[in-house]
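Q: build me a structure from this.
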Amino acid sequence: MTRYILRRTLEMLVTLLVASFLVFVVTEFSPGNVARKTLGAFALQEQVDLLYKKLHLNDPLLVRYVRWVGVLTGIEADPLQDPALGLGFKDPRRARYFGNFGYSTLYKAPVNDVLWDRLGNTALLAGLAFAVIVPLSLVLGVLAGMRAGSVLDRALSTLAIVMTSIPEYALGVLLVAVFVVALGVLPGTSPLDPNAGWSIAAQLVLPVSVLALYDAGYVARIVRASMAEVMARPFVRTAVLKGLPRRQVIVNHALRNALIAPFTVILLQINWLIGGVVVTELVFAYPGFGRMLLDASLFGDVALIEAATLVALFVATATQLLSDVGYRVLDPQARR
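A: Just a heads-up that it's a prediction; the model follows:
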């Protein structure tokens, strides 16, 4: 198992390296001059030319990528913080440190000051939604899979399909219409501001509900299919014929085997909850990671786009690694 984890970790690092190069290439060759995008549309041409020379943008692409990685890892100093440029870009961590993603021209602050704050907000939202999605989808999926083809199975399956079919923005508008406009018991936005007239907990109710209702139906369908398949296997039938109580058959024999396949799907929801909740964050004005990435893309904030993309890729590869390791732990056949 240790060799497997080390090998997969090495593969993850190689994947991140290749992905970082592709991200760098895409941002470098996006429309517009890199120096102009860094300084903004209203910068003087003399400032743009000076920064162009300072960044050595005439060098080959691979050389510029190696220099960018050098700044990111702290080997080289950030050229944007050179006082000779007169940009006023200052980082309290100084110009050389590991994890230096540069300076955000959109928020007029170091990328690290913006990125981790927004990522923490999304992590809070994702953690609460995940804590609701997992038990809700497991209960619905197991109940439906235990009695495949029954009235209960059809009712729960229909409910799961309806939950998954409603888009996030439509579900958000529906909940706002009911709980904000009609009943007036919850706030319509979630800025995470304690001075907004509502508690932080109240501001989190609606966005968490949208994510939980939208995703729980999908996961429940996966659990239901796996549970129905396990219930039809010979070892479950044998346990029933031996006279074991149905509850003991479900808990001790069927449930663990039924959760092996959905385990990977459940963990991969973390990736979606971190980087794929842009719509929900926009509907409720939530200051999260996805909304920040969208704003950076619309503004053309190169440094923030690169940093956010790398973080999203790291979350994706890390959750994939955890799911693969967990799958091998749960399934002896996978280990063999």
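Q: any weak-confidence spans in this protein?
A: When residues are selected by pLDDT under 70, those of the chain lie in 31-32, 40-42, 331-336.
Q: all strands of it, in order?
A: For the chain, the strands defined by DSSP state E occupy 103-104, 109-110.
Q: distance of the residue nearest to V176 when sequence neighbours are not counted relative to A35?
A: Spatial nearest neighbour of V176, chain neighbours left out: G188 (5.3 Å); criterion: C-beta to C-beta, 6 or more residues apart in numbering. The way it works is simple: take the backbone N, C-alpha and C, and place the C-beta from them, glycine included. To A35, G188 is 41 Å away according to C-beta to C-beta, to the nearest Å.
Q: repeat for L6
A: When distance is defined by C-beta to C-beta, L6 is 42 Å away from A35.
Q: hang on, the earlier thing: quick one, which of the strands of the chain is nearest to V142?
A: strand 103-104 (45.7 Å; C-beta to C-beta).
Q: the closest one pairs with which strands, parallel or anti?
A: According to DSSP bridges, strand 103-104 has the following sheet partners: strand 109-110 (antiparallel).
Q: okay, L6 and A35: which has more neighbours?
A: Neighbours per residue (other C-beta atoms under 10 Å) separate L6 from A35, with A35 holding more: 18 against 10.
Q: ok, that one touching L55?
A: Yes. Counting by C-beta atoms under 8 Å, A35 touches L55, with 6.4 Å between them.
Q: residues near the closest residue to G141 other than its chain neighbours, how many?
A: Using C-beta to C-beta, 6+ apart and skipping residues adjacent in sequence, the residue nearest G141 is V223, 2.6 Å away. As a burial measure, V223 scores 26 neighbours (other C-beta under 10 Å).
Q: list the contacts of V223.
A: S137, L138, L140, G141, V142, G145, A258, L259, P262 (C-beta atoms under 8 Å, 6 or more residues apart in numbering).
Q: that one and W272: what is the separation?
A: Distance, V223 to W272, by C-beta to C-beta: 17 Å.
Q: likewise for V71?
A: For V71 relative to W272 (C-beta to C-beta), the value is 31 Å.
Q: again, but for R93
A: Relative to W272, R93 is positioned 31 Å away (C-beta to C-beta).
Q: neighbour count for those two, which is higher?
A: Ranked by neighbour count (other C-beta under 10 Å), R93 and W272 place W272 first, with 18 against 14.
Q: quick one: residues contacting the more buried one.
A: D215.
Q: that one and G217: what is the separation?
A: Applying C-beta to C-beta, the value for W272 to G217 is 14 Å.
Q: now L152
A: According to C-beta to C-beta, L152 and G217 sit 16 Å apart.
Q: okay, these two: which has more neighbours?
A: Per other C-beta under 10 Å, whichever of L152 and G217 has more neighbours is G217, with 24 against 13.
Q: residues contacting that one?
A: Counting by C-beta under 8 Å, 6+ apart, G217 has contacts S137, L140, L159, A160, I161, V162, M163, T164.
Q: by neighbour count, which of the residues you listed wins?
A: Ranking the contacts of G217 using other C-beta under 10 Å puts S137 first, with 27 neighbours.
Q: what sits closest to that one if chain neighbours are left out?
A: Nearest residue to S137, sequence neighbours excluded (C-beta to C-beta, 6+ apart): V219, at 3.7 Å.
Q: hmm, the one you found is touching I133, no?
A: Yes. Assessed by C-beta under 8 Å, V219 is found in contact with I133 at 6.2 Å.
Q: from D193, how far out is F130?
A: With C-beta to C-beta as the criterion, F130 and D193 are 24 Å apart.
Q: cool, thanks, talk later.
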